[in-house]
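Colleague: sequence first, predicted coordinates after that:
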Amino acid sequence: MSRFNHYPIKPSNQYLLSSYYILCGAHEAASSFLDTFETIRTTRGAKGAPTDVEQNQIRAMLIFSSSGLDSMVKQLVKDSLGLIIEKNEGAQKMFESYIEKRLKKTDELDLKFLSKLFATQQPQIILIQDLVNSICSASLQSKEQLLKVAASFDIPTHEISTDLKNLKKYFMQGIKLLTKWMLILHNLIEVGDQDRNK
């Protein structure tokens, strides 16, 4: 069970189940690292600043949370964006805008992609899959990327956050911590390789 607020309620809609399980996994992984952090602190009777080992638990908690949220959003896109486009007028208009930009990547039409559409019996399916691939090919680690995904579903910005300035700040702080943690991992792996090669 999660140690954090907003643990998700299991949805009844089948299109949301895979994303739900990913989010549950992120909650539980983060909770596990928090439990380890607190256990280590309690065992040594800690009162001051956390040690490097303890800080690693917090960094790992952040990494698994970020990765889980990234995966959850991408799974939502894969499982439900096509259905939303069919049923929601705003999402349909955003989809039309994407198609226009996609067919004209440069000053000329993308003839190769256009010929692919003409050759298939279901061009809309190809276009929706292209949009899904476009969204899911990048890591959703910025405010702008997250809002772009929301716009594809016709979800207004204010429903995502009413404090966009601080939302960007939180993203940037998270990215800095993740970058630092990845550097630490890189160094640890290199040291381990050097030790094995001695």
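Modeller: Yes, it's here.

Colleague: just checking, residue 145 touches residue 138?
Modeller: Yes - taking contacts as C-beta atoms under 8 Å, residue 145 lies within contact range of residue 138: 6.5 Å. Where C-beta positions appear, they are placed from N, C-alpha and C, glycine not excepted.

Colleague: when those two are compared, which one has more neighbours?
Modeller: Applying other C-beta atoms under 10 Å to residue 145 and residue 138 shows that residue 145 carries more neighbours, namely 16 against 12.

Colleague: in what helix or strand does the most centrally placed residue in the chain lie?
Modeller: When the chain is reduced to its mean C-alpha position, the nearest residue by C-alpha atoms, centre = their mean turns out to be residue 70, at 1.3 Å. Using DSSP states H and E, residue 70 sits in helix 52-87.

Colleague: again, but for residue 26
Modeller: Using DSSP H and E, residue 26 sits within helix 17-43.

Colleague: does anything pack onto that helix? Which helices or strands?
Modeller: If contacts are counted by 3 or more C-beta pairs under 8 Å, 6 or more residues apart in numbering; DSSP states H and E, helix 17-43 sits against helix 52-87.

Colleague: report the angle between the axes of the helix it packs on and helix 17-43?
Modeller: Put simply, helix 52-87 runs at 160 degrees to helix 17-43, going by axes from the mean of the first three to the mean of the last three C-alpha atoms, to 10 degrees.

Colleague: pull out the buried residues from the helix or strand just after helix 52-87.
Modeller: Moving toward the C-terminus from helix 52-87, the first helix or strand encountered (DSSP H and E) is helix 89-103. Neighbour counts over helix 89-103 (16 or more other C-beta atoms under 10 Å) mark 91, 94, 95, 98, 99 as buried.
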